[in-house]
Structure formats: structure tokens, C-alpha cells
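*Asks:* Pasted the sequence and its predicted model underneath.
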Amino acid sequence: MDIEGARALVTGGASGIGYALAESFSRAGARVMIVDIDEGRAAEAAFRLSEATGAPTESAAADVSDPAAVARVGELVRERFGGLDVLVNNAGVVYHAKPIWETPPEMVDWSFGVNVTGVINGVREFVPGMIAQRHGYVVNTASMAGFQVRRNTEWFQGLYAATKFAVVALSEALRDDLAEYGIGVSVLAPSAVATNISLSDRTRPDRFGGPTTGSSPEEHMRRLAERGMDPALVAELVRDAIENERQYVFTHTKDRAVVDARNDRILAGFDESAAALERLAAAEPAS
């Protein structure tokens, strides 16, 4: 798919990977709408991008976990762009502060609401139009945490990983479901990237407990961000994946060893279960 001339929307687009994607698309000749939960930051990012690229950029505010808010963005897209060619469901939040058994219910609702339901809301709002035009591309931002879970003494990964595993599964199913319509789907799985996702709790909606701090061990997350990949490089990887229709986009290929180890454990589980089933069958009394 050629980005030049495409109509693109990026959620979580006011900073980090989202802004870098918007900039990459704009420089390649796309018309871009930046969506962020903070209206002021979205507008500021759109202005900054227009100044940097010389291409007009739209902005909108939306809590992606709210289907009504996403629907309002959809109306704006149809009004301003007449439709959409590239959808990037990039908005995400993180909660790493507690193990699962101590995680407050509102943090579960917030994490799944943004990271999973936010993707679904974007797909429901914009993919039907892509199907009608028989053309389009969807990118869903997951994480390496959507392919593996590693124990860390400084944070608890369970809740975040659960949401990102879900994004991977949604993306894989979506790719199969949309293939007949000529619509591509990629899933982005970043590792350490220089973003401010650890501050996502500062814009948490009131229905999820409101703004606060402490959802992640900020010092640890800050160190990860400091040595993390430049979001601009991530954006170029994603653009390349769209243009070449690659299903998976990994930012840190050395992480393959961890995924290989997990896959080995899964395959061993099949062998162990087969052996157990044989033992159980042999132990059954003759009828």
C-alpha cells in the first residue's frame, strides 16, 4: 500500500510512537488526523506537525475506550477526509504497580478499556468504510508483552501483558477476516521505546478513578525510555510494514530468544500432556 495520498488517523498521536507515526505519514504525503485523549495536546501536536511538514494536519480529542467518543471522531473524519485509508490504533496505557491479586478493579477496567476495547472501537468505527471502498490498512499497537511475559523485580507485568496478548489475537483474527476485502493488518510489538507511556495515568478518566500517579514504577520506566529506541525509527518500521504488508513489526529483534523459549515450553507442554493422557488411558480399569 502506498502512503502517499492516503487518509490516515493515529490514536495516541500527541506524543511518542503515535506522533512519530503521524509525522512519518505526513512526510510521505498522507493527510493525517491526530487523536488524543487530551484535546489541547492533540491540537498542539497537529499544529507542530503542520509547521514541521508544511502539510495541514487535523486533530480530535477522544477517550478511545468510549465508543461514543470514537464515533464522534468518525463523523469528523468523514466530514474532513471523506473516509479513511490507514487506521492506527496506537493509544495505550500501562499499570505495573501491583500483582494481579492486588490490582484494583478500576485499573483492570481502565487497562482493558483503552488497550483492548479502544482497538475494537476503532475497528468498528472505521473498518466498515474500508470494506465498502475495498481498500485500507489497520495497524494495532501491541507490545512485546503481547508475545511473552518476563518476571521483573521492579514491576508486575501480568495485567498489561494480558491486554497486549488480546491485541495480538484481535489483530491476527482481523487480518484473516479482512483478507478477502483487500485490507491489510499489522500488529506493532515495541519493546523499550523512548515514550511517556509511564505517565498515562495522569490523563485517566474519572470513571476509571481519575488522574493519579504511581501506576508504574516511574524510575524504572524512565530508565527504559532513556535507553529506548527513537520513536521515529519505530514509525519508519511501521510505514515499511504497511507498504510491504508485513503482519508483525518488532522493534527489538533480540527478543526473539525469549519468544523461542516460550514456544519451546508450549511444545513441551503438548508432549507432556500426550504422555499423561497415555498414562491415564493405560490406568483405566477394563470394562
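*Replies:* Perfect, thanks for sending it.

*Asks:* drop to CA atoms for contacts and neighbour counts, all remaining ones
*Replies:* Noted.

*Asks:* Strands along the stretch 1-150 of the chain, start to end?
*Replies:* Ranges of strands within the stretch 1-150 of the chain are 7-11, 31-36, 57-61, 86-89, 136-141, based on DSSP state E, counting those that start in this stretch.

*Asks:* got TSV for those, with distance to Ala189 and mean neighbour count too?
*Replies:* As requested, these are arranged in TSV below (distance: least, C-alpha to C-alpha, whole Å; neighbours: other C-alpha atoms under 10 Å):
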stretch	distance to Ala189	mean neighbour count
strand 7-11	16	27
strand 31-36	20	28
strand 57-61	25	23
strand 86-89	13	27
strand 136-141	6	25
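
*Asks:* how about those strands, which one is nearest Arg78?
*Replies:* Between Arg78 and the strands of the stretch 1-150 of the chain, the tightest spacing by C-alpha to C-alpha is seen for strand 7-11, at 10.5 Å.

*Asks:* partners of the closest one in the sheet?
*Replies:* Here the strand partners of strand 7-11, with direction, are listed using DSSP bridges: strand 31-36 (parallel), strand 86-89 (parallel).

*Asks:* now stretch 157-167, how far from the centre of its chain.
*Replies:* The offset between the C-alpha centroid of stretch 157-167 and the centroid of the whole chain comes to 11 Å, using C-alpha atoms, centre = their mean, to the nearest Å.

*Asks:* who's in contact with stretch 56-73?
*Replies:* Identification of contacts with stretch 56-73 by C-alpha atoms under 8 Å, 6 or more residues apart in numbering yields 11, 31-39, 42-43, 46-47, 49-50, 91, 113-114, 117-119, 121-122, 125.

*Asks:* picking up where we left off before, just send the strands paired with strand 7-11 back as CSV, with distance to Arg207 and mean pLDDT too.
*Replies:* Output for the strands paired with strand 7-11, formatted as CSV (distance: least, C-alpha to C-alpha, whole Å; pLDDT from 0 to 100):
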stretch, distance to Arg207, mean pLDDT
strand 31-36, 18, 98
strand 86-89, 22, 98
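
*Asks:* that older thread, from the contacts of stretch 56-73, keep the buried residues only.
*Replies:* Using 16 or more other C-alpha atoms under 10 Å as the burial test, these include 11, 31-37, 42-43, 46-47, 49-50, 91, 113-114, 117-119, 121-122, 125 as buried.

*Asks:* Please spell out the segments of the stretch 101-250 of the chain that come in under the pLDDT threshold.
*Replies:* Of all residues in the stretch 101-250 of the chain, those with pLDDT under 70 make up the ranges 198, 214-226.

*Asks:* ok, 80 please
*Replies:* In the prediction, the stretch 101-250 of the chain carries residues with pLDDT under 80 at positions 150-154, 194-203, 205, 212-228.

*Asks:* Helices along that one, start to end?
*Replies:* Counting by DSSP state H, counting those that start in this stretch, the stretch 101-250 of the chain has helices at residues 105-112, 118-133, 158-178, 218-226, 231-244.

*Asks:* Distance from the chain centre to the shortest one, please.
*Replies:* Read it as helix 105-112. On the basis of C-alpha atoms, centre = their mean, helix 105-112 is displaced by 16 Å from the centre of the chain it belongs to.

*Asks:* quick check: longest helix of this structure.
*Replies:* If you go by DSSP state H, the chain has its longest helix at helix 256-283.

*Asks:* quick check: mean pLDDT across that one?
*Replies:* Averaging pLDDT along helix 256-283 gives 96.

*Asks:* what's the residue positioned nearest the centre of the chain in contact with, if anything?
*Replies:* In the chain, the C-alpha closest to the average C-alpha coordinate belongs to Thr141, at a distance of 2.1 Å (C-alpha atoms, centre = their mean). By C-alpha under 8 Å, 6+ apart, the contact set of Thr141 is Val88, Asn89, Asn90, Ala91, Gly92, Val167, Val187, Leu188, Ala189, Pro190.

*Asks:* if I look at it, how far off is Asp240?
*Replies:* Counting by C-alpha to C-alpha, to the nearest Å, the separation of Thr141 from Asp240 is 15 Å.

*Asks:* ok, back up a step: from the contacts of Thr141, which is closest to Ile197?
*Replies:* When those are compared for distance to Ile197, the smallest value, 7.4 Å, is given by Gly92; criterion: C-alpha to C-alpha.

*Asks:* Can you give the distance of stretch 76-85 from its chain's centre?
*Replies:* On the basis of C-alpha atoms, centre = their mean, stretch 76-85 is displaced by 22 Å from the centre of the chain it belongs to.
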